[in-house]
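Visitor: with the input below, show me the fold.
(2 chains)
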Amino acid sequence: MDHNEELAELLFPEIKETIADLEQRFPLRNLPEGAQVTRFAPSPTGFLHTGSLFTAMVSSTYAKQSGGVYCFRLEDTDTKRTIEGSDRDLIDQLAYFGIVADEGYFPEGDRGAYGPYRQSDRASIYKTVIKELIRQGRAYPDFCTPEDLDAIRKIQEERKDLPGYYGVYARDRNLSYEERVERIQKGTPWVIRFKSFGDHEKKTKFTDLIRGEIELQENDTDVVILKSDGLPTYHFAHVVDDHFMRTTCVTRGEEWIPSTPIHLDLFRALGWKPTKYAHLPSIMKLDNGNKRKLSKRKDPEAAVSYFLDAGYPPEALKVYLMSIANSSFEEWTIANKSFDLNAFKFSIKKMSADGALFDMDKLNYFAREIIAKMPLEEEFALVREYAQAHEPAFFARIEENPNYVKKILNIGKQDKNPRKDYAKYSDIYPLISFFYADEYDKVAEAGLPWNGKLSHEEIVAILEAFKSMPFGTDENTWFSFIKEVGAAHRFAISNKDYKANPEAYAGSLSDCAELLRIAVVGRAQSPNLHEVLEILGQAEVLRRLEKAKR
RNA sequence: GGUCCCAUGGUCAAUCGGUUAAGACGCGACCCUCUCAAGGUCGAAUGACUGGUUCAACUCCAGUUGGGAUCACCA
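Guide: Predicted coordinates:
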């Protein structure tokens, strides 16, 4: 046994498996030509980030449309930042957006043959690989304390050298076998570092699916691959996991580009073929004239829950994100009159390389279109579900009289160009509250918003006349009546007449209709008045007309 | 600071050397209309800068500028 062999055995006596065993345990996947294996690999450190949803959507779409496999892996190696229960939240929220992994970690148990899919359950796999690296002299124990590392960094700063644990600064890289054994046996804490043979004077390149060829300095840092808690760092876990999970393409945020040389260095040392990479742009936000990444701390819209709490249909956010991912999607939706994300052919190569500013207006536009196009029953069910979770007062009214709410939601819905009033479910109740007598009464008692063009007596007389309006008739019959009332009170029934000679009239027909609208609705805007009146019913309308006279 | 990524209207962006430089959101005007939400028509608004290659550059190259990312026992 040579020294490396002995060192490996001293450090990891419990590891009996070899890399060859792992290769057998996780055989190459038998997939059709071109099928991609992708993965979404979040840390369970909080709720789903809008940018993560974007990444997850791209990963899963890319895999599914290529006939491949989309995997979910939980990267929980940072035990200090792990938040209890956030694994479930992440998975639930993704599922709410229809993003469900073909295989991977699920709180109720793994699915798939390439697990475990939770990194904290894979410690022995990482150690198996590390043990072999030590045997080959490509990894070694490092005994530096945080203070030692600080000291090294200070010297580097003074000398204006590149920071990092490399070359002459890699203090424990060339420790003798005896020194290592002595420290280990003394119980000195250690981490395992990768022994890089790279040279930062040299370049390394790789092809990014979105950006094309990227050339970077070679890695020459002896990065930590196994932390003192026995868990791997991201760099090492990525290489090992994506190798043995047989990932074909790693989709991750562009912030990973600078550390890709480390990953390439590791792949090379292990003699493995690197995965393909697609580095996705970040979603940005304008802050004091500067673009910056959406920040969970500063921007409520950085958390997917923000959109859910506001009552955006999940479909709307996905459609918006897809329009960022592939701008041709938007034209496709118009040409195909469809928002079906599965029917659209997504292309990872056509993704834009720069980060888009999050555009709330555009999201609202898509959301309005999507809600307007939903069949009534579907919309009602979703509104009800939303109200149940977020608006108890509205929910109580829905439960009390569901059909009444359906009638309200149905206003203008069956037209060729359906009404587009709502971008999110929280928009609804404020816009329709006047349909409820007590809400109307509050407004009426506070004072109806008359426009001041007519005297109180005139208004009273006109409202009195409206009381004999027909109910249960078609709109034309009803509207003829409105015109009669208007004419009788000196309103111009034709807009042309009014414009030609405004002084001759009390106002246009709009002004006349506005009196009725304000009296019954309590505000100057509403959907089609005839439909509103029919839904309210004669008794309530008469009651309101009477009340409005005060 | 080193390294890398990015650069077409306010926003998302098409163009794979030759176009009157698409389209969408937003914005404005007009039309329709009982108001509003829509819908229709029209409109304003874009190649950061400087060189080079080429018959021809938004497109290729270099530099400048600007923005972003990254330099941990965090991912």
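Visitor: every contact and neighbour count from this point should use C-alpha atoms.
Guide: OK.
Visitor: get me the contact residues on the stretch 51-200 of chain A for RNA strand B.
Guide: Residues of the stretch 51-200 of chain A found near RNA strand B, taking CA under 7 Å from any atom of the strand as the criterion, are A:75-78, A:81, A:143-146, A:162-164, A:189-191.
Visitor: need the contact list for A:Leu216.
Guide: For A:Leu216, the set of contacting residues under the criterion of CA atoms under 8 Å, 6 or more residues apart in numbering consists of A:Lys203, A:Thr204, A:Lys205, A:Pro258, A:Pro261.
Visitor: that older thread, just the residues of the stretch 51-200 of chain A next to RNA strand B: which are in strands?
Guide: Using DSSP state E, the members of these that fall in strands are A:Val191.
Visitor: could I have the buried ones of the residues of the stretch 51-200 of chain A next to RNA strand B as ChimeraX selection syntax?
Guide: Buried members of those, defined by 16 or more other CA atoms under 10 Å, are picked up in ChimeraX with:
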select /A:75,76,77,78,143,144,164,190,191
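Visitor: among the residues of the stretch 51-200 of chain A next to RNA strand B, which are in helices?
Guide: When DSSP state H defines the helices, the subset of those inside them is A:Pro146.
Visitor: from the residues of the stretch 51-200 of chain A next to RNA strand B, pick the one nearest A:Arg211.
Guide: A:Glu75 (25.9 Å; CA to CA).
Visitor: check the gap between that closest one and A:His235 for me.
Guide: 11 Å (CA to CA, to the nearest Å).
Visitor: please name every helix or strand in contact with the helix or strand bottoming out on mean pLDDT in chain A.
Guide: The helix or strand with the lowest mean pLDDT-type score in chain A, counting by mean pLDDT, DSSP states H and E, is helix A:495-500 (a mean of 76). The contact analysis (3 or more CA pairs under 8 Å, 6 or more residues apart in numbering; DSSP states H and E) places helix A:495-500 against strand A:507-508.
Visitor: report the mean per-residue pLDDT for the strand it packs on.
Guide: Confidence over strand A:507-508, taken as the mean pLDDT, stands at 87.
Visitor: stretch A:388-398 now?
Guide: Computed over stretch A:388-398, the mean pLDDT rounds to 97.
Visitor: which residues touch it?
Guide: Contacts to stretch A:388-398, defined as CA under 8 Å, 6+ apart, come from residues A:Asp309, A:Arg384, A:Ala387, A:Tyr404, A:Val405, A:Tyr429.
Visitor: any idea how many residues pack against A:Lys160?
Guide: Counted with other CA atoms under 10 Å, the neighbours of A:Lys160 add up to 9.
Visitor: please name the nearest non-neighbouring residue to A:Lys293.
Guide: Nearest-residue entry for A:Lys293: A:Met284, 4.3 Å, with adjacent residues in sequence omitted and distances by CA to CA, 6 or more residues apart in numbering.
Visitor: next one: that neighbour relative to A:Glu464, how far apart?
Guide: Distance check for A:Met284 against A:Glu464: by CA to CA, it reads 57 Å.
Visitor: can you count the residues close to the closest residue to A:Leu509 other than its chain neighbours?
Guide: With CA to CA, 6+ apart as the criterion, A:Leu509 has its nearest non-adjacent residue at 5.3 Å, and that residue is A:Ile493. Each residue near A:Ile493 was counted by other CA under 10 Å, and the total is 21.
Visitor: how about the residues of the stretch 251-400 of chain A near RNA strand B?
Guide: Residues of the stretch 251-400 of chain A that fall close to RNA strand B, judged by CA under 7 Å from any atom of the strand: A:254-259, A:290-293, A:323-325, A:327-328, A:330-331, A:350-359, A:361-362, A:365.
Visitor: take these and keep only those in strands.
Guide: The subset of those that ends up in strands is A:Asn290, A:Lys291, A:Arg292, A:Lys293, with DSSP E as the criterion.
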